[in-house]
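Need coordinates for the following:
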Amino acid sequence: MDCLTIYEMGTMKSLTLLWKVMLRDLGIRCCTSTDRDIKTFADRYEHEGLSFLTITLPRFGKDFQKSLDLGKVDSSLFAGFRRSGGLPVFLQGFLRRVFDPSGMVLPDPDIDAIFAVRQLCFVFEKIALDCSKERYEKAMSGYVQTERDVKAADGRVPERELVHLRSSFAMLFGGSIDRLNRDLRDGRYDRFVPKHGPGATADRLVGNQKFYQSSWSSRLERILPAGEFLIPNWKYFAQLQGVDILSPGAEGPVRVISVPKTLKTPRIIAIEPTAMQYAQQSVLAAILDTWRNDEFLSKYVTLQDQTPNQRLAREGSINGRLATVDLSEASDRVSNQLVRFLLAPWPDFHEAVDACRSRSADVPGFGVIRLAKYASMGSALTFPIETMVFISIVFNRLRKAHPTASIQDLKTRALESTRAYGDDLIVPVDIVRDVILDLESFGFKVNEDKTFYNGSFRESCGKDYYDGVDVSVTRLRRVIPTSRRDASEVVAMVAFRNQLYYAGLWTTCQWLDSRIEQLLGTFPLLSPTSPGLGRHSHLPVSGYPGKVRGDYQRPEVKAWVPYGIIPKNGVDDVAALVKCLISGENPDPTHLERSGRPKSLSIKLRWTPVA
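Coordinates of the predicted model:
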């Protein structure tokens with residue numbers, strides 16, 4: 001059983017108790033008996049352990065969603081679960097409120113039952129647990145295999161399809177890229193504002209240390225000169241004497257690592273070198289600036305707002321005219337050759353995008369390999385580039401479906417019926433099969449488990465709908481803590497409790513409240529705007545016993561408050577001036593002395609505003 005040996009039995013028991021409480025809570029809500037389900041759960045958990053909670057149940061949930069999409073329970077679904085008639089015996093009380101005995105979706109299925117099955121199946125799907133060594137090695141092997149797949153796909157796409165796609169790409173993004181290309185050609189870098197993120201780098205510089213970076217690449221120097229990015233202005237040119245300009249062969253690789261995603265497989269990301277990360281952020285800032293100032297793109301491509309995708313997914317669940325499409329390994333399958341071809345008409349912008357791309361990766365167990373993808377998850381440009389590629393493929397198919405339409409008419413249709421937020425796509429149902437074929441022809445993998453276009457279920461960007469009703473689930477992100485010292489787990493459990501409250505699982509919330517009170521001693525009623533860890537409620541928090549702080553004239557109570565100490569990491573002289581110039585006004589007065597992510601999270605009992 002995956003990872004069982006590293007968890008105390010008490011922690012494991014807490015997860016199973018939570019699931020059973022939630023099952024009874026949802027059973028009462030749906031007026032159905034759950035006694036048989038508890039027995040089945042206990043038997044399966046005894047044999048499968050944690051894998052039943054984190055792998056088997058999510059698989060059941062995905063088959064349930066696919067049944068909603070197909071309009072019936074297909075014989076190929078729910079493998080490993082005993083059936084009675086056309087339905088699995090497990091959770092059958094809920095399933096009978098959605099499907100008839102033969103397995104066909106009812107004309108008016110119970111939305112609460114749909115929510116209940118999904119909540120029970122997905123609650124532990126994304127809990128932050130390390131995979132087994134075998135699954136970790138399989139994920140790294142898959143990363144390398146994807147590279148081979150991308151190389152193979154590069155040679156399969158007909159050139160006429162590439163040319164047609166580039167034409168569609170230009171219709172959408174040509175105007176904004178023209179402006180960026182002109183800026184770079186004329187040596188104007190006002191839009192290209194760099195920044196250092198808080199995360200790790202391949203060369204292991206952290207926090208303010210990144211402003212003392214001592215290397216730049218010759219590829220970057222040709223299009224994004226160090227003098228424009230590493231010093232306040234050219235008056236400080238002498239400061240560049242200590243900067244090593246690396247030839248392409250001397251550039252460092254990205255460092256490939258895994259982070260928890262699901263117990264079935266980890267998420268593979270790549271940590272970029274400091275110089276690359278810094279330059280990528282400057283190109284990203286320029287791209288976003290031109291989109292904000294473009295009448296069409298400002299409405300169409302919203303990388304910092306998921307609500308357009310969610311709104312269209314809800315519409316699709318009601319009228320059936322819009323599909324939601326999801327891709328697997330999306331960022332790792334965006335070919336660099338495809339990106340180069342699409343950007344070829346804009347040589348300066350293309351050079352900038354290419355210069356900030358790392359060309360190799362250090363993969364555990366495989367060494368340093370040459371990359372065929374544009375970039376892995378971890379590059380600041382991965383998300384915008386993949387979004388541009390995917391929405392261009394969708395728009396290209398829209399053009400083919402309406403060959404006589406004007407560009408303005410096509411853009412109007414696109415605004416009404418298509419979207420891309422990374423690999424979350426919204427597509428008109430009448431062209432979705434063609435879009436799927438197009439995506440596959442360019443080497444992408446459509447995730448069938450999360451692609452919906454037949455029934456009344458849709459999901460996109462974290463929101464799930466059935467016939468217009470939100471049936472999104474609440475997931476537990478960390479194991480249930482056994483001590484106040486497990487601060488991250490405590491914070492996650494409180495957030496989980498409060499999300500369940502707004503989802504109407506109040507009996508489950510009462511069970512969690514008792515656990516949290518045992519752990520913390522105090523768990524007051526607080527507003528969602530309070531910084532403290534407290535119970536959220538539809539009830540008013542005013543008048544709660546505590547005190548009124550005189551200098552602010554606000555009611556306060558004692559509550560646990562999360563905090564993390566930012567590491568000491570000073571920067572001064574020219575490097576400090578660069579930081580101030582690119583970051584503008586910083587609300588933290590100690591930002592030149594402390595920087596980076598806190599190494600750990602703690603909680604402290606203190607007087608806290610209730611709202």
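
What distance do you get for Pro358 to Arg477?
Rather than Pro, residue 358 is Ser. According to Cβ to Cβ, to the nearest Å, Ser358 stands 30 Å off from Arg477. Bear in mind the C-beta positions are built from the backbone N, C-alpha and C, glycine included.

More neighbours: which of these two?
Each of Ser358 and Arg477 has its neighbours counted (other Cβ atoms under 10 Å); Ser358 has more, 25 against 17.

Give me the residues contacting stretch 128-140.
2-3, 6, 50, 54, 256, 258, 260, 263-266, 268, 363-366, 477-479 (Cβ atoms under 8 Å, 6 or more residues apart in numbering).

whoops, stretch 210-225 was the one
For stretch 210-225, contacts defined as Cβ under 8 Å, 6+ apart pick out 184, 189, 192, 196, 201, 203, 205, 226, 230, 242-248, 251, 273-276, 278-279, 282-283, 348, 351-352, 354-356, 571, 575-576, 578-579.

how about a cut-off of 7 Å?
Stretch 210-225 is contacted by residues 184, 192, 196, 201, 205, 226, 230, 242-248, 251, 274-275, 279, 282, 348, 351-352, 355-356, 571, 575, 578-579 when judged by Cβ atoms under 7 Å, 6 or more residues apart in numbering.

Drop anything exposed from the residues you listed.
If you count burial by 16 or more other Cβ atoms under 10 Å, the buried members of the contacts of stretch 210-225 come out as 184, 192, 196, 201, 205, 226, 230, 243, 246, 251, 274-275, 279, 282, 348, 351-352, 355-356, 571, 575, 578-579.

Helices - which of the contacts of stretch 210-225 land there?
184, 226, 274-275, 279, 282, 348, 351-352, 355, 575, 578-579 (DSSP state H).

Tell me how far Gln92 lies from Glu517.
Counting by Cβ to Cβ - Gln92 and Glu517 are separated by 36 Å.

Then Val578?
Taken as Cβ to Cβ, the span from Val578 to Glu517 is 49 Å.

same thing with Asp470?
Computed as Cβ to Cβ, the Asp470 to Glu517 distance reads 30 Å.

same deal with Gly422?
For Gly422, the distance to Glu517 (Cβ to Cβ) stands at 40 Å.

Next: Arg36.
Distance, Arg36 to Glu517, by Cβ to Cβ: 32 Å.

Under the pLDDT cut-off, which ranges of the protein? List them.
1-11, 542-552, 585 (pLDDT under 70).

if we can go back for a sec, pick out whichever of Gly422 and Glu517 has more residues nearby.
Gly422 (20 against 12).

so Phe207 touches Lys568, yeah?
No, residue 207 isn't Phe; it's Gly. No. Here Gly207 does not reach Lys568: they are 8.9 Å apart, not a contact under Cβ atoms under 7 Å.

between the two, which one's more packed in?
Gly207 (19 against 12).

quick one: Arg397 and Asp438 touch, right?
Yes. With contacts counted by Cβ under 7 Å, Arg397 reaches Asp438, the gap being 5.6 Å.

which one of these two has more residues nearby?
Arg397 (24 against 18).

Tell me which residues touch that one, please.
431, 434-435, 438.

Who wins on neighbours among these?
Val435 (24 neighbours).

Distance check, that residue against Pro158.
17 Å.

With Pro540 instead?
Computed as Cβ to Cβ, the Pro540 to Pro158 distance reads 65 Å.

Tabulate the contacts of Arg397 in TSV, adding columns for distance to Ser215 and secondary structure.
Converted to TSV, the contacts of Arg397 look like this (distance: Cβ to Cβ, whole Å; DSSP: H, G, I helix; E, B strand; the rest coil):
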residue	distance to Ser215	secondary structure
Ile431	47	helix
Asp434	47	helix
Val435	42	helix
Asp438	41	helix
